[in-house]
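have a look; sequence and predicted model below, questions after that.
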Amino acid sequence: MKNFNKLFAIAVLSVITFSCVEDDDFNLPDTAAIDIEAPANLIDISSVIGQIGQAQTGLVTFDPNNDQFIEGFVISSDEAGNYFEELIIQDAIENPTAGIKILIDNSPLFTTYAIGQRVYIKLDGLTAGLSNGVPVLGINGNGTIEKIAPALQGSVVLRDSEVFNIVPTLVSGPSEFRTEKLLTLIQLPEAQFTDADLASNRTFASEPTDQFDGVRLVQTCGDFFAAPIRMETSTFSDFKALRLPEGSGSITAILQRDFRDEFFVIAINSPDDFIFDASVRCNFAIVACGTVATAGTNVLLSENFETQSTGAAAMPAGWTNFQEAGTQTWEVYTASGTNASLGKSVNCGSFRSGDVSTAAWLITPQFDFDAQTGEVFSFETSNSFADGSSMELLYSSDWDGTATGVDTASWEPMSDPVIVSDSENFGNWVFSGHVSLDCVTGTGAIAFRYVGSGDPGTDGTYELDNISLTSD
């Protein structure tokens, strides 16, 4: 084990010596990479984040004499200007469980810290807290976290000579965004910018409306219903004037939160983080017959759940209630308080369930769509802070009608129905519209599928009621 006190003394001495040189680089510390043995007093990044959560003030200042360190691997680069005076590290080169941002009053940092470089952060005297929804480390500035001075950089951030290959965590879409993935490197294997952003010929961040950051919307190809992902690019970045890439492909980025801590967002290091095929766009197989003005006069299905037992799994005659993942299911719910007059409905939510993932299905009986014409489907939805959870409407023409057959059947998204948005007031019910199914042929069934993660920070509840299928 090497003597770290000597190491710090040498680093500080080199900084003092360097500061006497009269040239333009006087404020850059000597951070030459050296072989470093792991310090004896290593604590996990997740432990630092845990202490932030326990602190009454939200700030944790570490004892200046404890000789404690965290180990991390650099995943950010300011070479292209999308990051400034900050270093983001995660706790492993693959499958990380936590990340943290180090504030340093110095630029550039990429010439000193390469992506994948192992660093040890000496915590003594530093302060940790949340800033814009993400954990950060810096200097206590009377209740705020300020940047580490260049003169202290070399003694606080110890740079090992080893540079590793960081393996991004594959994430299929926003439903897999989690708090523990914050400030870690992720990869969306199949994604594209929305049609609206491309049709407007938009740049990364140089439109007249872009201030501080340009926000562009990314759609994942594996989930038709997933809300678009917000990608933020600094208006000071070198590539801000480049046009958004067309086509689709993989995006490697760091998972973050927006300035107001309202949304998960992603941010890239440079345009090299896109591997797109410009000639290929996501192709969704969907059911889209349009909408009509009114329902038909012949009632094929009408379900308001009033005959079901409150608190029990919803099981109307001929319906299928199926748990694909997790412990939560569609349950009968009776409104109380100001909504007591609304009677019964069904709901599903994974908030505080403890489940790693939740997927719950409520499927209608099967219908022969060749037996009549002019079919119209409708329903009402509401939510209680849905956040990162989602509800989707699916149709299958090859489902065998059994719970075991749900996973093997082909399910196509129904694109026309209106489903309540997360921004809607939790007491409001939203009508789907009169959704035409007149273009559907053969025998099929319709499924309501709830998806959530159990993450207290991202999951909520969806409610469903007044389901109807009519024909001419």
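Yep, that arrived.

got the buried residues for stretch 76-93?
By neighbour count on 16 or more other Cβ atoms under 10 Å, the buried set for stretch 76-93 is 76-83, 86-92. All C-beta spots, glycine's among them, are computed from the backbone N, C-alpha and C.

leaving out chain neighbours, which residue sits closest to the residue nearest the centre of the chain?
Ranked by distance to the mean C-alpha position of the chain (Cα atoms, centre = their mean), the top residue is Phe177 at 3.2 Å. Spatial nearest neighbour of Phe177, excluding adjacent residues (Cβ to Cβ, 6 or more residues apart in numbering): Phe264 at 4.4 Å.

and the gap between the one you found and Asn142?
Between Phe264 and Asn142 the distance is 31 Å, computed by Cβ to Cβ, to the nearest Å.

more crowded one of these two?
Comparing Phe264 with Asn142 by other Cβ atoms under 10 Å, the one with more neighbours is Phe264, at 22 against 5.

so what pLDDT did the residue nearest to the centre of the chain get?
pLDDT, Phe177: 89.

check contacts around the closest residue to Asp465 other than its chain neighbours.
Leaving aside its chain neighbours, Asp465 sits nearest to Ser345 (3.8 Å; criterion: Cβ to Cβ, 6+ apart). Applying Cβ atoms under 8 Å, 6 or more residues apart in numbering to Ser345 gives the contacts 304-305, 332-333, 335, 382, 463-465.

reformat these as CSV; add secondary structure and neighbour count.
Formatted as CSV, these follow (DSSP: H, G, I helix; E, B strand; the rest coil; neighbours: other Cβ atoms under 10 Å):
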residue, secondary structure, neighbour count
Asn304, coil, 16
Phe305, coil, 21
Val332, strand, 20
Tyr333, strand, 22
Ala335, coil, 17
Ser382, strand, 23
Glu463, strand, 23
Leu464, strand, 26
Asp465, strand, 21
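
and the residues you listed, which two are furthest apart?
Greatest spacing in the contacts of Ser345, by Cβ to Cβ: Val332 and Ser382 (14.8 Å).

just the helices in this structure please.
Using DSSP state H, the helices of the chain run over 4-18, 45-54, 150-156, 195-199.

mind giving me the packing neighbours of the last one?
This points to helix 195-199. Applying 3 or more Cβ pairs under 8 Å, 6 or more residues apart in numbering; DSSP states H and E, we find helix 195-199 packed against strand 213-220.

list the helices and strands the strand it packs on packs on?
For strand 213-220, the packing partners by 3+ Cβ pairs under 8 Å, 6+ apart are strand 185-193, helix 195-199, strand 229-234.

closest to Gly354 out of those?
Evaluated over the helices and strands packed on strand 213-220, closeness to Gly354 peaks at strand 185-193, with 23.5 Å, by Cβ to Cβ.

shaky segments in the stretch 301-450 of the chain?
Within the stretch 301-450 of the chain, the stretches falling below the threshold (pLDDT under 70) are 336-341, 385-388.

distance of the closest residue to Asp91 other than its chain neighbours relative to Asp261?
Closest residue in space to Asp91, ignoring its immediate chain neighbours: Ile45 at 4.5 Å, by Cβ to Cβ, 6+ apart. Applying Cβ to Cβ, the value for Ile45 to Asp261 is 19 Å.

next: Gly354.
24 Å.

what of Val418?
Per Cβ to Cβ, Val418 is found 28 Å from Asp261.

and the two? Which one has more around it.
Neighbour tally, Val418 and Asp261, criterion other Cβ under 10 Å: the higher count belongs to Val418, 15 against 11.

relative to Met391, how far out is that one?
Val418 is 12 Å from Met391, by Cβ to Cβ.

so Asn321 bridges to which residues?
On the basis of DSSP bridges, Asn321 is bridged to Leu362.

number of residues surrounding it?
By the measure other Cβ under 10 Å, the count of residues near Asn321 is 19.

help me confirm that it comes into contact with Thr364.
No. Look at Asn321 against Thr364 with Cβ atoms under 8 Å: they stay out of range, at 11.3 Å.

quick one on the thing from earlier: which of the helices of the chain has the lowest mean pLDDT?
What stands lowest among the helices of the chain, in mean pLDDT terms, is helix 4-18, with a mean of 39.

how is the chain divided into domains?
Domain assignment of the chain by automatic domain parsing yields the ranges 4-163, 169-277, 291-471.

contact partners for the residue nearest to Asp105 when sequence neighbours are not counted?
Spatial nearest neighbour of Asp105, chain neighbours left out: Lys147 (3.7 Å); criterion: Cβ to Cβ, 6+ apart. Shown in contact with Lys147 (Cβ under 8 Å, 6+ apart): 85, 103-105, 138-139.

distance of Lys147 relative to Thr441?
Where Thr441 is concerned, Lys147 sits at a distance of 64 Å (Cβ to Cβ).

ditto for Arg449
Arg449 is 23 Å from Thr441, by Cβ to Cβ.

higher neighbour count, those two?
Arg449 (22 against 11).

thought the more buried one was touching Tyr395?
No. The pair Arg449 / Tyr395 is not scored as a contact, 11.3 Å apart, by Cβ under 8 Å.

could I get the contacts of Ser345 as JSON lines with distance to Thr127?
Below are these laid out as JSON lines (distance: Cβ to Cβ, whole Å):
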{"residue": "Asn304", "distance to Thr127": "55"}
{"residue": "Phe305", "distance to Thr127": "53"}
{"residue": "Val332", "distance to Thr127": "50"}
{"residue": "Tyr333", "distance to Thr127": "45"}
{"residue": "Ala335", "distance to Thr127": "46"}
{"residue": "Ser382", "distance to Thr127": "43"}
{"residue": "Glu463", "distance to Thr127": "43"}
{"residue": "Leu464", "distance to Thr127": "47"}
{"residue": "Asp465", "distance to Thr127": "50"}
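
which one of those sits closest to Pro271?
Ser382 (41.5 Å).

so what sits opposite the closest one in the bridge?
Beta-bridge partners for Ser382, by DSSP bridges, are Glu463.

how close does it sit to Phe236?
42 Å.

same question for Leu126.
Distance from Leu126 to Phe236, counting by Cβ to Cβ: 26 Å.

which residue is the nearest non-sequential neighbour of Val265?
Counting by Cβ to Cβ, 6+ apart, Arg230 is the residue found nearest to Val265 once chain neighbours are left out, at 4.5 Å.
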